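K.L.:
I'll drop the sequence and a predicted model, then ask my questions.
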Amino acid sequence: MALKLACQYWRNLDQPHRRTFVALHHGYHGDTVGAMSVGEDSIFTQPFAPLLFPVIRVHAPHCYRCPLGLKRATCQVDCLADLEQALQTRGEEVAGVIVEPMLQGAGGMIVWPSEFLAGVGRLCKRYGTLLIADEVLTGFGRTGRMFACEHASLTPDMVCLSKALTAGYLPLGATVVTNAVYEAFLSDDRTKTFFHGHSFTANPLACAVAVASLDLFREQDLLGRIRRLEAQLRAGLSPLRALPGVGDVRVIGGVGIIELVTDEQTRRAGGYLDGIGPRLTAAFVERGLLLRPLGNVLYFMPPYVITDDEVAWALGEIAAVLNIAASAAARC
Ligand SMILES: Cc1ncc(COP(=O)(O)O)c(C=O)c1O
């Protein structure tokens, strides 16, 4: 919906040549043809490649697997150069830049330095293009702020919301835009109308659940709860960095991530189809813990109602399974 809005926004402003999107490596935005097009080419999208439209793909700040092979100190600036070059050379045809702010999810659970996000915002402003923040995964506290864009004090032109909008209880999505975008559609000229609707658009029951869930954010200190969860995840997962086979440990808000590798020096690892994923799932299920690794990337993203004791138990089980796997690998 955001892609369609961006495309028509420029058309309504008599700039129909702006219809190309800039998207990031490792991005995942969903499974429709449009969302797959802006998502990274992957096992999820390959069967549909002939249907997808071309986009300009630029670096994401995957610091553990730095696309430029740099160390942390100056890397956000270098990483951003790719986006800047795209906007410099092809800015006139760009309708918008779409990102998953701070946490790229299904593409590998990649946590960003907030400076990168701030830089994306600056560049979009400088080159006069729309910034679309896909906060489907990150919205409603998941990264420790109500919205991930807040980590860089950023107000995007559009925000995509779903998942935690209803705390996951009923299906609902929303695409939120600034007044400036809205006004480009506000006209007596019917050709400027945004024609987009689904059978279940604005489903009243789902909207009521969303309102009830938002009330909980107002009534309870859920962001405080997520801050405590973040501290507990950091304390519990950081020591696992020392285990053989653990390449990287990343924590942001209520998400703990462990990236497993077969070689720590080269950081080599199997991808999404790596057999380690199902093997770990089976080992966790045996212990009563349901986790679903993305291949070699294991993550723990509990609901906010989880208690401290339950988190401590889950972290203990994760440590136990990884310790057993490390000892088995050492024996081989
Ligand atoms: C960042 C992100 N965007 C979009 C989607 C797709 O959302 P939906 O399933 O509501 O289309 C997902 C789903 O996992 C996601 O993580």
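P.N.:
Thanks, I have it.

K.L.:
by contact count, what packs against the lengthiest helix in the chain?
P.N.:
Criterion DSSP state H: the longest helix present in the chain is helix 308-331. Where contact means 3 or more Cβ pairs under 8 Å, 6 or more residues apart in numbering; DSSP states H and E, helix 308-331 is packed against helix 222-237, strand 255-260, helix 276-286, strand 297-300. Just so you know, the C-beta spots here come from the backbone N, C-alpha and C atoms, and that holds for glycine as well.

K.L.:
redo that, cut-off 10 Å
P.N.:
Helices and strands touching helix 308-331, as assessed by 3 or more Cβ pairs under 10 Å, 6 or more residues apart in numbering; DSSP states H and E, comprise helix 222-237, strand 246-252, strand 255-260, helix 276-286, strand 297-300.

K.L.:
secondary structure element for residue 86?
P.N.:
Per DSSP states H and E: residue 86 is located in helix 75-90.

K.L.:
Provide the contact partners of that helix at residue level.
P.N.:
Residues outside helix 75-90 that contact it (Cβ atoms under 10 Å, 6 or more residues apart in numbering) are 20, 22, 24-25, 56-63, 66-70, 91, 94, 97, 99, 112-120, 122-124, 126-129.

K.L.:
circling back: CA-only coordinates of the longest helix of the chain in PDB, if you can.
P.N.:
The C-alpha trace of helix 308-331 is given here as PDB (Å, rounded to 0.1, in the frame of the first residue of the first chain):
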ATOM      1  CA  ASP A 308      11.300 -12.200  34.500                       C
ATOM      2  CA  ASP A 309      11.400 -15.900  35.700                       C
ATOM      3  CA  GLU A 310      10.100 -17.100  32.400                       C
ATOM      4  CA  VAL A 311      12.800 -15.100  30.600                       C
ATOM      5  CA  ALA A 312      15.500 -16.500  32.900                       C
ATOM      6  CA  TRP A 313      14.200 -20.000  32.300                       C
ATOM      7  CA  ALA A 314      14.200 -19.600  28.500                       C
ATOM      8  CA  LEU A 315      17.700 -18.000  28.500                       C
ATOM      9  CA  GLY A 316      18.900 -21.000  30.600                       C
ATOM     10  CA  GLU A 317      17.500 -23.400  28.000                       C
ATOM     11  CA  ILE A 318      19.100 -21.500  25.100                       C
ATOM     12  CA  ALA A 319      22.500 -21.500  26.900                       C
ATOM     13  CA  ALA A 320      22.100 -25.300  27.700                       C
ATOM     14  CA  VAL A 321      21.300 -26.200  24.100                       C
ATOM     15  CA  LEU A 322      24.100 -24.100  22.700                       C
ATOM     16  CA  ASN A 323      26.600 -25.500  25.200                       C
ATOM     17  CA  ILE A 324      25.600 -29.100  24.200                       C
ATOM     18  CA  ALA A 325      26.000 -28.200  20.500                       C
ATOM     19  CA  ALA A 326      29.400 -26.600  21.200                       C
ATOM     20  CA  SER A 327      30.600 -29.700  23.100                       C
ATOM     21  CA  ALA A 328      29.300 -32.000  20.300                       C
ATOM     22  CA  ALA A 329      31.100 -29.900  17.700                       C
ATOM     23  CA  ALA A 330      34.300 -30.000  19.700                       C
ATOM     24  CA  ARG A 331      34.200 -33.900  19.900                       C
END
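
K.L.:
Since that was my last question, I'll sign off now.
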